[in-house]
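Kindly generate the corresponding structure for this input.
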Amino acid sequence: MRSHSPGVGDLSGSQARRIALAAQGFIDRRPAGEPTRTHLKRVVDRTRLLQMDSVNILARAHYLPAFSRLGSYDPDLLDRVAWRPTARRPRLLVEYWAHEAALIPVDDWPLFGWRMDEYRDGRYRHTREILQRNRSQANDVLAVITESGPMMPRDIEAVLGVVRSKSERGSWWTRGEVKHLCEALFASGTLSAVRSEHFHRFYDLAERVVGPERLSVTVDRRDAHRELVARAAAAHGIATVADLADYYRLKAAEVREVVTDLVDVGVVQPVTVEGWDETGYLHRDARVPKTVDASALLSPFDPLVFFRPRTQRLFGFHYRIEIYVPAHKRIHGYYVLPYLMGEDLVARVDLKADRAAGVLRVLSAHVEPGVDRVEVARSLTADLAKLAHWRGLSAVDVIDKGELGPHLRAAATQ
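So this is what the prediction gives:
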């Protein structure tokens, strides 16, 4: 696909969309065969992070961005680069608080030292309170992990002789104090974590997960912010200050402090974008492809759409996740994925993997105004079949709900 480098000046909304899609890897050539570690690394080099979420009604959030960009791949590939490294194939990703809980390149760990300092007693008030009154127990937790290796909190409790009351079952909502201590030590960077195949978090010493060579690196707060904003700018291609701030959950004031540095050295340049009320910052490596020939179902937590104001500004697509909305008040559904076709978000579908029946359920399907419903349905039907195959499901069942539903059912019979 031919593209050219943009210069300083006004950009159209269409150009901004194509820049953003190129920066996120949607114009990269898909693998001819089975995707490899190299292909997955290319995706992460584009996105710089993979947001994590435990909801598994379709697939956990961190697995979906690679599927959207590579097509069908083995999810175990991601598990290996994050949680099961070997001497020949070292760790590529590590978990930390970036854009919420996220997998980040392990080499980016030192860039979050300032955040670990801020979270030295924990990220949340309740956790901080527990740590402050249980310093000695926190040391006991570290001693157990140091001696025994990666452990879940309940196993640490067993070693320490902690007995729960019968009303506590150890879930996220009734966590014991050991869990809170592990969370505080994780937030401070003292502990890191690996995950099991069932997504259980096992805490371990950060130096054993990340490597002592990375823990020994100290990056000044402003320098770290500058580097993180540069990474966010590259991942966006074109972005406002608000976009850049959201990517790694920085404050807008912190971004403004360093974005002028990036302008001065030519990493980004300010531009105006049609329809944008704020200045856009264009990364020096941004490309403006003449067209975008892509179609993809996107996770609600995909970096392309996880900042909803940017999604609205770029695509004119009003998107809200409705997981926490009571069922009778939902407009589009529980786990709704936007559908990318070309350079536009043209539809949204509420999906559920019915693993017992081996079926991908399309619980509702809605289309954006002004698009060709038949064309969208034809393209989406093919992509739903690919998604079902990737999830190990043998069929797609479309429930006739939403204005696109009948067209999807018709396309499925052709």
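
show me where pLDDT drops low in this protein?
1-9, 164-175 (pLDDT under 70).

for it, longest strand please?
strand 344-354 (DSSP state E).

So what touches that strand?
17, 57-59, 297-298, 305, 311, 315, 317, 319, 332-341, 360-368, 371, 376, 380, 384, 387, 391, 393, 397, 404 (CB atoms under 8 Å, 6 or more residues apart in numbering). Any C-beta I mention is one placed from the backbone N, CA and C, and that applies to glycine too.

List of residues touching the next helix or strand after that strand?
Per DSSP states H and E, strand 344-354 leads on to strand 359-367 as the next helix or strand towards the C-terminus. Strand 359-367 is contacted by residues 332-334, 336, 346-354, 373, 376, 380, 384, 387-388, 391, 393-399, 401-405, 407-408 when judged by CB under 8 Å, 6+ apart.

Just the buried ones from these?
Neighbour-count burial (16 or more other CB atoms under 10 Å) is assigned, among these, to 332-334, 336, 346-353, 373, 376, 380, 384, 387-388, 391, 393, 396-398, 401-402, 404-405, 407-408.

What about the residues you listed, which are in strands?
Using DSSP E, these in strands are 336, 346-353, 396-398.

Show me which pair in those is furthest apart.
For those, with distances taken as CB to CB, the pair at the greatest spread is V346 and A353 (22.8 Å).

if we can go back for a sec, what are the pairing partners of the longest strand of the chain, and which direction each?
Sheet pairing for strand 344-354, assigned by DSSP bridges, gives strand 336-341 (antiparallel), strand 359-367 (antiparallel).

Distance to R125 for the ones you listed - can I get that in JSON lines?
Listed next are the strands paired with strand 344-354 as JSON lines, based on distance: least, CB to CB, whole Å:
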{"stretch": "strand 336-341", "distance to R125": "32"}
{"stretch": "strand 359-367", "distance to R125": "37"}
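
now for the ones you listed, which one comes closest to I145?
Comparing the strands paired with strand 344-354 by CB to CB, strand 336-341 comes nearest, at 37.8 Å.

Let me know the outermost residue of this structure.
G161 (37.3 Å; CA atoms, centre = their mean).

So that residue versus G149, what's the distance?
19 Å (CB to CB, to the nearest Å).

Give the buried residues for stretch 135-155.
Here stretch 135-155 shows 137-138, 140-142, 144-145, 150-153, 155 as buried, counting by 16+ other CB under 10 Å.

got JSON lines for those, with secondary structure too?
Output for the buried residues of stretch 135-155, formatted as JSON lines (DSSP: H, G, I helix; E, B strand; the rest coil):
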{"residue": "Q137", "secondary structure": "helix"}
{"residue": "A138", "secondary structure": "helix"}
{"residue": "D140", "secondary structure": "helix"}
{"residue": "V141", "secondary structure": "helix"}
{"residue": "L142", "secondary structure": "helix"}
{"residue": "V144", "secondary structure": "helix"}
{"residue": "I145", "secondary structure": "helix"}
{"residue": "P150", "secondary structure": "coil"}
{"residue": "M151", "secondary structure": "strand"}
{"residue": "M152", "secondary structure": "coil"}
{"residue": "P153", "secondary structure": "helix"}
{"residue": "D155", "secondary structure": "helix"}
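
wait, which of the residues you listed is closest to L250?
Among the buried residues of stretch 135-155, and counting by CB to CB, the member closest to L250 is A138, at 28.3 Å.

List the residues that contact that closest one.
Contacts of A138 by CB under 8 Å, 6+ apart are 131, 181, 184-185.

Can you list the buried residues in stretch 301-313?
Neighbour-count burial for stretch 301-313 [16+ other CB under 10 Å]: 301-307, 310-311, 313.

meant to ask about stretch 19-27, not that
Those would be 19-27, for stretch 19-27 by 16+ other CB under 10 Å.

can you check stretch 336-347 too?
Here stretch 336-347 shows 336-347 as buried, counting by 16+ other CB under 10 Å.

Just the C-alphas of that stretch, formatted as CSV.
Presented in CSV, the C-alpha positions along stretch 336-347 are these (Å, rounded to 0.1, in the frame of the first residue of the first chain):
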residue,chain,number,x,y,z
VAL,A,336,-20.3,-4.8,22.3
LEU,A,337,-17.5,-4.8,19.8
PRO,A,338,-17.2,-1.9,17.3
TYR,A,339,-16.7,-3.1,13.7
LEU,A,340,-14.0,-1.4,11.5
MET,A,341,-14.5,-1.5,7.8
GLY,A,342,-12.1,0.6,5.7
GLU,A,343,-11.4,3.8,7.6
ASP,A,344,-14.7,3.9,9.4
LEU,A,345,-16.4,2.3,12.3
VAL,A,346,-19.6,1.1,10.7
ALA,A,347,-21.4,-1.2,13.1
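
can you give me how far that stretch is from the chain middle?
Mean-position distance between stretch 336-347 and its chain equals 17 Å (CA atoms, centre = their mean, to the nearest Å).

Renumber starting at 30 from here on
New numbering, starting at 30: the last item is stretch 365-376.

Secondary structure element for D105, which one?
helix 104-112.

Please spell out which residues along that helix are buried.
104, 106-112.

so what does the next helix or strand after it touch, helix or strand wise?
Remark: after helix 104-112, the chain's next helix or strand is strand 122-127, criterion DSSP H and E. If you count contacts as 3 or more CB pairs under 8 Å, 6 or more residues apart in numbering; DSSP states H and E, strand 122-127 packs onto helix 104-112, strand 129-134, strand 220-224.

Need the residue closest to the centroid of the chain.
Q80 (2.4 Å).

my read: that residue touches P332, true?
Yes: using CB atoms under 8 Å, Q80 is in contact with P332, at 7.2 Å.

overlap in contacts of these two?
What both Q80 and P332 touch, as defined by CB under 8 Å, 6+ apart, is the set H128.

residue ranges for the helices of the stretch 230-379 of the chain, please.
235-238, 241-244, 250-265, 270-276, 281-293, 337-344 (DSSP state H, counting those that start in this stretch).

got the ones you listed as JSON lines, with distance to V321 columns?
Compiled in JSON lines, those are given as follows (distance: least, CB to CB, whole Å):
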{"stretch": "helix 235-238", "distance to V321": "38"}
{"stretch": "helix 241-244", "distance to V321": "36"}
{"stretch": "helix 250-265", "distance to V321": "16"}
{"stretch": "helix 270-276", "distance to V321": "19"}
{"stretch": "helix 281-293", "distance to V321": "26"}
{"stretch": "helix 337-344", "distance to V321": "12"}
